[in-house]
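Chemist: Sequence and predicted structure below; questions after.
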Amino acid sequence: MDAVDATVEKLRAQCLSRGALGIQGLARFFRRLDRDRSRSLDSRELQRGLAELGLVLDTAEAEGVCRRWDRDGSGTLDLEEFLRALRPPMSQAREAVIAAAFAKLDRSGDGVVTVDDLRGVYSGRAHPKVQSGEWTEEEVLRRFLDNFDSSEKDGQVTLAEFQDYYSGVSASMDTDEEFVAMMTSAWQL
């Protein structure tokens, strides 16, 4: 394990020790550090922010972390890239139950979940805002779908986006059994 991996492991452990909201809390903290609203941090912002959390990095370490988790070549650490890096890898059992839930939603079988797919599985008619006339059933289903969509809400959720959403949830659950039970119950698998 090199120095960058060790730094990320320390931060991951620190986040997970904070329980279910550890990585989500870091996401909020990260956004607060992003003073220029670029949705990314340069090595100085990262270094300053991590120091506030008690993880002191020297300049070379901060630059190394930014280089390692800069997937788009911008020279900065993107929030989504960094949070993805912090999430622990998922077991095969977790990946399998996520794939089963996605398959249930993907009625067309084309590898993308849309509002039309959801309409075949769920009804939004009982939603209070539909009942009151404030929203249409289409709006309810779209807002539900947006929960799993990437930051660019395009009305289509791929398996990768669905897995990414649940990798965040998975990071806060200790055992495979607990995660599988939650997914099975939530998606009626």
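Modeler: Sure, I can see it.
Chemist: Could I get the full set of helices for this protein?
Modeler: 3-17, 22-33, 43-52, 59-68, 79-86, 92-105, 115-119, 128-131, 137-146, 159-170, 176-187 (DSSP state H).
Chemist: Tell me which of the ones you listed sits nearest to Lys153.
Modeler: helix 137-146 (5.1 Å; Cβ to Cβ). Bear in mind the C-beta positions are built from the backbone N, C-alpha and C, glycine included.
Chemist: helices or strands up against that closest one?
Modeler: Helices and strands touching helix 137-146, by 3 or more Cβ pairs under 8 Å, 6 or more residues apart in numbering; DSSP states H and E, are helix 115-119, helix 128-131.
Chemist: Let me see the mean pLDDT of it.
Modeler: Regarding helix 137-146, the rounded mean pLDDT is 92.
Chemist: Relative to the whole chain's centre, how far out is it?
Modeler: For helix 137-146, the gap between its own C-alpha mean and the chain's C-alpha mean amounts to 19 Å (Cα atoms, centre = their mean, to the nearest Å).
Chemist: And for stretch 68-85?
Modeler: 14 Å.
Chemist: Can you point out the buried residues in it?
Modeler: For stretch 68-85, burial by neighbour count (16 or more other Cβ atoms under 10 Å) applies to 68-70, 76-79, 81-83, 85.
Chemist: Give me the contacts around it.
Modeler: With contact meaning Cβ atoms under 8 Å, 6 or more residues apart in numbering, stretch 68-85 is reached by 4, 8, 23, 26-27, 30-31, 34, 38-43, 46, 65-66, 150-151, 164, 167-168.
Chemist: repeat that for 10 Å
Modeler: 2-5, 7-8, 11-12, 15, 23-24, 26-27, 30-31, 33-34, 38-43, 45-46, 62-63, 65-67, 86, 150-151, 164, 167-168, 171 (Cβ atoms under 10 Å, 6 or more residues apart in numbering).
Chemist: got a list of what Leu55 touches?
Modeler: 7, 10-11, 14, 47, 49, 61.
Chemist: Report the buried members of those residues.
Modeler: 7, 11, 14, 47, 49, 61.
Chemist: so which of the residues you listed would you say is closest to Lys129?
Modeler: Nearest member of these to Lys129, counting by Cβ to Cβ, is Gly49, at 37.4 Å.
Chemist: pLDDT score assigned to the closest one?
Modeler: For Gly49, pLDDT reads 83.
Chemist: Thought Leu26 was touching it, still the case?
Modeler: Yes. Look at Gly49 against Leu26 with Cβ atoms under 10 Å: they come within range, at 9.2 Å.
Chemist: how much space between Glu61 and Arg68?
Modeler: 10 Å (Cβ to Cβ, to the nearest Å).
Chemist: list residues touching both of those two?
Modeler: 3-4, 7.
Chemist: Using CSV, lay out those together with distance to Val180 and pLDDT.
Modeler: Output for the shared contacts of Glu61 and Arg68, formatted as CSV (distance: Cβ to Cβ, whole Å; pLDDT from 0 to 100):
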residue, distance to Val180, pLDDT
Ala3, 35, 79
Val4, 32, 78
Thr7, 32, 78
